[in-house]
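Participant: build me a model from this:
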Amino acid sequence: MYLAHVDLVVIAAVVVLVVGVGIAAYLLGKAASRVPADSGSQGEKRLEEYEFYPFVVNSEGHIEFNAGAFNEAVAYFLKERNERAARELIVIGEQNLVRDTFPSDRLRSYKELYAAYDGDGVVNDNDMFLENYKRIVNQVGRSFPNTGIEILLHNLVNPSRSLVAIENGVVTGRSIGGGATNLVLDLKTRHQRGEDKVNYELNIGSRQFKCTTIPIFRPDYGLVGAVCINVDTHFLREAVVGDEDRLTAFVDNLLRTDFQLDENILSKDEYQNSLNGKRHYLDEAIRVRSTARQERKLAAILFSDIVGFTALMGENEAATLRIVDANEKIHQRAFASNGGRLLKKLGDGMLASFDSASGAVACAREIHRAVEEDERFQLRIGIHLGEVIQTDGDVHGDGVNIASRIQGEIDPGGIGMSKVVYDNIKNKDGLSATLLGERNLKNVAAPVILYSLDA
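Facilitator: Here you go, the predicted structure:
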């Protein structure tokens with residue numbers, strides 16, 4: 001039973017990895033090479049190059065749809081012709097369900113734009129673009145029946161009925177025609193943070209899933225779709241691992257084939273090893289789980305984020321990338337001189353840990369001074385003292401979450417901290433802070449008392 005358990009874990013991990021990486025590579029390559037045939041001149045400005053680009057970043061670092069900017073863009077492109085930008089705008093309009101939410105006068109203008117730029121053609125062209133992705137999703141999903149692994153395709157130009165392909169849908173009970181809720185804005189937020197493929201745990205009541213989402217981007221339309229792979233973790237851990245018959249059936253379904261092919265796909269060395277008796281790629285005791293250790297420790301967490309990053313990218317992408325590079329160098333110097341350890345880079349954000357609250361605060365002050373001297377950008381910085389969990393090269397835990405939420409509550413250019421951090425530094429010479437009061441932070445159960453470090 002022990003070896004069977006190990007076999008299951010390794011096989012399941014390999015399947016999810018193969019499916020995720022294989023599709024990601026195909027989709028990214030396909031999206032990069034395909035350009036709509038009637039998308040307009042490549043010399044025309046992109047929508048994001050205009051001041052009325054209809055997305056903004058809120059105080060928590062999330063992308064939000066801006067209806068006012070969208071209406072301004074509609075009015076502009078009804079007067080000034082730009083096929084490329086207007087078609088991008090149509091995609092955004094359909095994604096954000098303006099037909100269902102806009103008042104009649106605004107909707108009338110949008111419908112006029114939709115007709116003027118052949119909106120039906122834009123939508124239909126994207127449907128055709130996704131046809132090959134539907135085939136891939138269907139064929140990959142059918143390769144692994146009854147394994148608790150669901151794979152699906154979202155057409156995000158039509159989020160109210162985005163689910164256009166699904167295999168093994170019994171895993172979640174969804175079917176063709178389902179909606180995508182907040183997936184468009186969530187993926188745009190993650191793209192802005194440099195997260196173009198995400199693995200995450202999703203808990204719904206008593207159900208638990210391991211999910212992988214891979215966004216699909218088109219050069220002239222932006223985000224148009226997403227492939228999602230959902231694994232029923234409780235099914236694998238509880239129903240399969242603990243039952244020999246189900247485990248055997250799971251492996252049989254996983255390894256099911258249609259016919260036998262006689263072909264050598266091995267390298268020269270591996271081919272010779274196989275002739276000498278090597279039976280599989282590992283050919284030793286099957287590895288038990290991951291060799292990586294899970295490390296838990298109490299630490300002071302510093303989370304920083306560039307203010308208005310998306311707007312800066314829209315104004316001048318090259319200049320903003322230089323800002324990101326300068327920001328990283330500022331942080332690296334400050335971490336080195338204050339005992340900080342970089343845990344993770346999140347697009348324009350930086351996450352670091354310190355052995356003491358005073359070290360984190362001193363580092364934040366040094367970063368703040370250097371950014372002020374640079375004068376090209378501002379940061380928000382949040383600091384909290386809490387538990388950090390590091391697993392398989394990733395970092396998470398309440399300490400990380402609260403620090404990231406704190407920075408979203410602080411004014412541009414400010415340094416915020418929780419009360420536990422303030423209590424550790426309040427008697428230090430040259431340090432003072434202003435009480436901001438109790439705040440309810442997203443995904444944090446209890447209110448947190450916040451302070452802002454005085455200049």
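
Participant: distance of the residue nearest to residue 159 when sequence neighbours are not counted relative to residue 143?
Facilitator: Leaving aside its sequence neighbours, residue 159 sits nearest to residue 180 (Cβ to Cβ, 6 or more residues apart in numbering; 4.4 Å). Where C-beta positions appear, they are placed from N, C-alpha and C, glycine not excepted. Going from residue 180 to residue 143 by Cβ to Cβ, to the nearest Å gives 25 Å.

Participant: now residue 403
Facilitator: Distance from residue 403 to residue 143, by Cβ to Cβ: 42 Å.

Participant: so which of the two has more stuff around it?
Facilitator: The residue with more neighbours, out of residue 403 and residue 143, is residue 403; 30 against 19, by other Cβ atoms under 10 Å.

Participant: pull the contacting residues for that one.
Facilitator: By Cβ atoms under 8 Å, 6 or more residues apart in numbering, the contact set of residue 403 is 301-303, 351, 382-384, 386.

Participant: the same query, at a cut-off of 10 Å, please.
Facilitator: 300-304, 351-353, 360, 381-386, 388, 397, 416-418, 421 (Cβ atoms under 10 Å, 6 or more residues apart in numbering).

Participant: cool, residue 266 as well?
Facilitator: Going by Cβ under 10 Å, 6+ apart, residue 266 touches 272-275, 278, 281.

Participant: OK, contacts around residue 222?
Facilitator: 46-48, 55, 88, 91-92, 95, 156, 188, 191, 215 are the contacts of residue 222 under Cβ under 10 Å, 6+ apart.

Participant: contact partners for residue 182?
Facilitator: 62, 159, 189.

Participant: I'd say the second one and residue 98 touch.
Facilitator: No. Between residue 159 and residue 98 no contact is recorded; they are 11.6 Å apart, counting by Cβ atoms under 10 Å.

Participant: ok, back up a step: wait, which of the contacts of residue 266 is closest to residue 148?
Facilitator: Nearest to residue 148 among the contacts of residue 266 is residue 281, at 24.0 Å by Cβ to Cβ.

Participant: that closest one against residue 270, yeah?
Facilitator: Yes. At 8.2 Å, residue 281 counts as touching residue 270 under the criterion of Cβ under 10 Å.

Participant: so between the two, which is more surrounded?
Facilitator: residue 270 (13 against 9).

Participant: could you report the pLDDT at that one?
Facilitator: Note on residue 270: pLDDT of 82.

Participant: and it, that's in a helix?
Facilitator: Yes. Per DSSP: H, G, I helix; E, B strand; the rest coil, residue 270 lies within a helix segment.

Participant: which residue, other than its chain neighbours, is closest to it?
Facilitator: Residue 270 sits nearest to residue 278 (Cβ to Cβ, 6+ apart), 7.6 Å away.

Participant: the closest residue to residue 161 other than its chain neighbours: how many residues sit nearby?
Facilitator: Closest residue to residue 161 apart from its sequence neighbours, by Cβ to Cβ, 6+ apart: residue 177 at 5.0 Å. Applying other Cβ under 10 Å, we find 12 residues neighbouring residue 177.

Participant: cool, residue 347 as well?
Facilitator: Around residue 347 there are 17 residues (other Cβ under 10 Å).

Participant: tell me where the stretch 251-400 of the chain is predicted with low confidence.
Facilitator: 283-294, 392-394 (pLDDT under 70).

Participant: ok, which stretches of it are helices?
Facilitator: For the stretch 251-400 of the chain, the helices defined by DSSP state H, counting those that start in this stretch cover 268-275, 309-315, 317-338, 357-374, 398-408.

Participant: so for residue 234, which of the ones you listed sits nearest?
Facilitator: Nearest to residue 234, of those and by Cβ to Cβ, is helix 398-408 at 23.7 Å.

Participant: got the angle for the closest one vs helix 357-374?
Facilitator: Angle, helix 398-408 to helix 357-374, by axes from the mean of the first three to the mean of the last three Cα atoms, to 10 degrees: 30 degrees.

Participant: export helix 398-408 as PDB, just CAs?
Facilitator: Extracted C-alpha coordinates of helix 398-408, given in PDB (Å, rounded to 0.1, in the frame of the first residue of the first chain):
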ATOM      1  CA  ASP A 398      -0.500  35.000   7.300                       C
ATOM      2  CA  GLY A 399       2.500  37.200   7.800                       C
ATOM      3  CA  VAL A 400       3.000  37.600   4.000                       C
ATOM      4  CA  ASN A 401      -0.700  38.200   3.400                       C
ATOM      5  CA  ILE A 402      -1.100  40.900   6.100                       C
ATOM      6  CA  ALA A 403       2.100  42.700   5.000                       C
ATOM      7  CA  SER A 404       0.800  42.900   1.400                       C
ATOM      8  CA  ARG A 405      -2.600  44.200   2.600                       C
ATOM      9  CA  ILE A 406      -1.000  46.800   4.800                       C
ATOM     10  CA  GLN A 407       0.900  48.400   1.900                       C
ATOM     11  CA  GLY A 408      -2.500  48.800   0.100                       C
END
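
Participant: and after that helix, which helix or strand comes next?
Facilitator: Next along the chain after helix 398-408, taking DSSP states H and E as the criterion, comes strand 415-418.

Participant: quick one, what contacts the closest residue to residue 356 other than its chain neighbours?
Facilitator: Nearest residue to residue 356 in three dimensions, chain neighbours excluded: residue 300, at 6.1 Å (Cβ to Cβ, 6+ apart). By Cβ under 10 Å, 6+ apart, the residues touching residue 300 are 339-340, 352-361, 363, 383-386, 388, 399, 403, 417, 420-421, 424-425.

Participant: let me know the angle separating the strand or helix carrying residue 435 from helix 357-374.
Facilitator: Using DSSP H and E, residue 435 maps to strand 433-439. Relative orientation of strand 433-439 versus helix 357-374 (the same axes, to 10 degrees): 110 degrees.
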